[in-house]
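Student: from the sequence below, what's the structure:
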Amino acid sequence: MSNQTHAAFQPFATASGLTLKNRIVKAVMEENLANADQHPDKALCNLYSQWAFGGVGLIITGNVMIDHLAMTGPGGVALEEGADLTPFKTLANKAQQNDCKVMMQINHPGRQVFKKMGGKILSPSDVALNMGKHSNLFAPPTPMTEQDIADVKQRFVTTAMLAQQAGYDGVQIHAAHGYLLAQFLSPLTNKRSDQWGGSLENRARLLLDVVRSVKQACGERFALSVKLNSADFQRGGFDVDDAKAVVVMLEEIGVDFVELSGGSYEAPAMRGRTADDRTLAREAYFLEFAEQILPATDLTLMTTGGISRLATADAVIDSGISLVGIASALAMSPDLVNQWHANPNTQGYIPKVTWKDKTLAGLATMGIMKRQLQRMSDGRKPKHNDTAFWSLILSQIKMAKLTKRYRKRYADEVNDV
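Tutor: I've put the predicted structure just below:
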């Protein structure tokens, strides 16, 4: 099969007019490479340059927080009102090299904030994370007031407008993986009895309000995406029928595409592990769920999850899903798409940590990935022989240093919240 006939290599245009040279998207990974001001600098520019020249059609940035006092982790990026846009413009330019497009993923973590970070730990209700023996890593959340909800909505809009001003091609609103908007969607974390809780329409209200407001503020020609769980993979949680209904709601508003993923910190399906004993595919974890949603909508869909082979990417496109998200394999081989052009049978590498303790296994896997992102940010190449145990130790040491830096930088604010 020639490169021209591979489905994943075909160009694609979104509803807003964003034209991608191929269907392969660099999906989001936690990077922890921002400077002390929570802004990008040379490290992230080096990293994104490697992905741009590696051949993907679209880069979705790592989590960009809408509030520097609500971070998924230290060393994360935050973009808020009054920020100097210069470093964000530079990063956009680096990501747009080689005819690549870039969208900024914007997010609020809600209750998924490590206790050591401090700051705002908010959620629709006072349901704490259940991480078993690791639950003490997270503080119980504070149920959000109407004022809190209004503040979050405005912050999403502000960050999206700033991303547009900085030259990004669009934004992706994160409503998956157990973060704040997903917490509102899930009946396990949303126990409210007001307009924000109860029925699915109420639980989806905040997401839909945010999407409408961003679309109105940024206009029809600015690409807009939503990342949504196909399922929480927890018994009694947000499931595929809920996802189907929310996708239909989003279609009525008019977004460019919905990326379907799954899981949360409690059930890390995005790393191939569930909490309800459902078995995920070896590659394209969420494709079977996306295929259940596809007949209900004309909206462009994207799916992610463990994809490492061109044949799998082609199969995703051939199933009717328009875009293929790849993350882990691009942490290990940033030029994987170029390699596929040269040899379509090239197998991307994804490390697997199969420890019984799912939390430690997840942290170790992320540790391996982050070591590669760090190497690339220094202008070096990734390695495929890092051990899980040593990566976990080094990652925890680095995170402790970054947490100390964060607490020192924002001491007055973090302690006052």
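
Student: please count neighbours and contacts with C-alpha atoms only from this point.
Tutor: Will do.

Student: by contact count, what packs against the helix ranked longest in the chain?
Tutor: When the chain is parsed with DSSP state H, its longest helix is helix 388-409. In terms of contacts (3 or more Cα pairs under 8 Å, 6 or more residues apart in numbering; DSSP states H and E), helix 388-409 is packed against helix 358-377.

Student: between helix 388-409 and the helix it packs on, find me the angle.
Tutor: Angle, helix 358-377 to helix 388-409, by axes from the mean of the first three to the mean of the last three Cα atoms, to 10 degrees: 80 degrees.

Student: what's helix 358-377 packed up against?
Tutor: Against helix 358-377 (3+ Cα pairs under 8 Å, 6+ apart) you get helix 42-54, helix 328-332, helix 388-409.

Student: which residues are in contact with the second one?
Tutor: Pointing back at helix 328-332 there. Residues from elsewhere that reach helix 328-332 (Cα atoms under 8 Å, 6 or more residues apart in numbering): 26, 29, 51, 306-308, 336, 348-350, 369, 372-373, 382-384.

Student: same question for stretch 285-302: list its buried residues.
Tutor: Neighbour counts over stretch 285-302 (16 or more other Cα atoms under 10 Å) mark 285-287, 289-291, 293-294, 297, 299-302 as buried.

Student: stretch 330-350 too?
Tutor: Buried, per 16+ other Cα under 10 Å, within stretch 330-350: 330-337, 339-341, 344, 346-350.

Student: which ones among those residues map onto helices?
Tutor: 330, 331, 332, 336, 337, 339, 340, 341.

Student: now, the most widely separated pair of those residues?
Tutor: 331 and 341 (18.3 Å; Cα to Cα).

Student: and residue 295, how close does it get to residue 192?
Tutor: 32 Å (Cα to Cα, to the nearest Å).

Student: er, residue 237 I mean
Tutor: Residue 237 is 15 Å from residue 192, by Cα to Cα.

Student: residue 266 too?
Tutor: From residue 266 to residue 192 the distance is 21 Å (Cα to Cα).

Student: just to revisit the earlier point, out of the helices and strands packed on helix 358-377, deepest packed?
Tutor: helix 328-332 (a mean of 25; mean count of other Cα atoms under 10 Å).

Student: pretty sure residue 171 contacts residue 159?
Tutor: No. Contact criterion Cα atoms under 8 Å: residue 171 and residue 159 do not qualify, at 9.2 Å.

Student: dead centre of this structure: give me the residue that sits there.
Tutor: residue 28 (4.4 Å; Cα atoms, centre = their mean).

Student: need phi/psi at it.
Tutor: phi -80, psi 140 (degrees, to the nearest 10).

Student: and residue 130, what pLDDT?
Tutor: For residue 130, the model assigns a pLDDT of 86.

Student: what residues are up against it?
Tutor: Contacts of residue 130 by Cα under 8 Å, 6+ apart are residue 266.

Student: what about it, distance to residue 115?
Tutor: Taking Cα to Cα as the measure, residue 130 falls 14 Å from residue 115.

Student: same deal with residue 76?
Tutor: 16 Å.

Student: so if I had to pick from the two, which one is more boxed in?
Tutor: residue 76 (25 against 14; other Cα atoms under 10 Å).

Student: that one contacts residue 67, correct?
Tutor: No. Using Cα under 8 Å, residue 76 is not in contact with residue 67; the gap is 10.9 Å.

Student: all strands of the stretch 101-250 of the chain, in order?
Tutor: 101-107, 122-123, 142-143, 170-175, 223-229 (DSSP state E, counting those that start in this stretch).

Student: mean pLDDT added to the ones you listed, as CSV?
Tutor: Shown next, in CSV, are these (pLDDT from 0 to 100):
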stretch, mean pLDDT
strand 101-107, 98
strand 122-123, 97
strand 142-143, 96
strand 170-175, 98
strand 223-229, 96
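
Student: tabulate those strands (JSON lines), appending mean neighbour count and distance to residue 35.
Tutor: Formatted as JSON lines, those follow (neighbours: other Cα atoms under 10 Å; distance: least, Cα to Cα, whole Å):
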{"stretch": "strand 101-107", "mean neighbour count": "26", "distance to residue 35": "18"}
{"stretch": "strand 122-123", "mean neighbour count": "26", "distance to residue 35": "25"}
{"stretch": "strand 142-143", "mean neighbour count": "18", "distance to residue 35": "28"}
{"stretch": "strand 170-175", "mean neighbour count": "25", "distance to residue 35": "22"}
{"stretch": "strand 223-229", "mean neighbour count": "26", "distance to residue 35": "26"}
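
Student: now render those strands as a markdown table, adding distance to residue 89.
Tutor: What follows is these, written out as a markdown table (distance: least, Cα to Cα, whole Å):
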| stretch | distance to residue 89 |
| --- | --- |
| strand 101-107 | 11 |
| strand 122-123 | 30 |
| strand 142-143 | 35 |
| strand 170-175 | 13 |
| strand 223-229 | 17 |
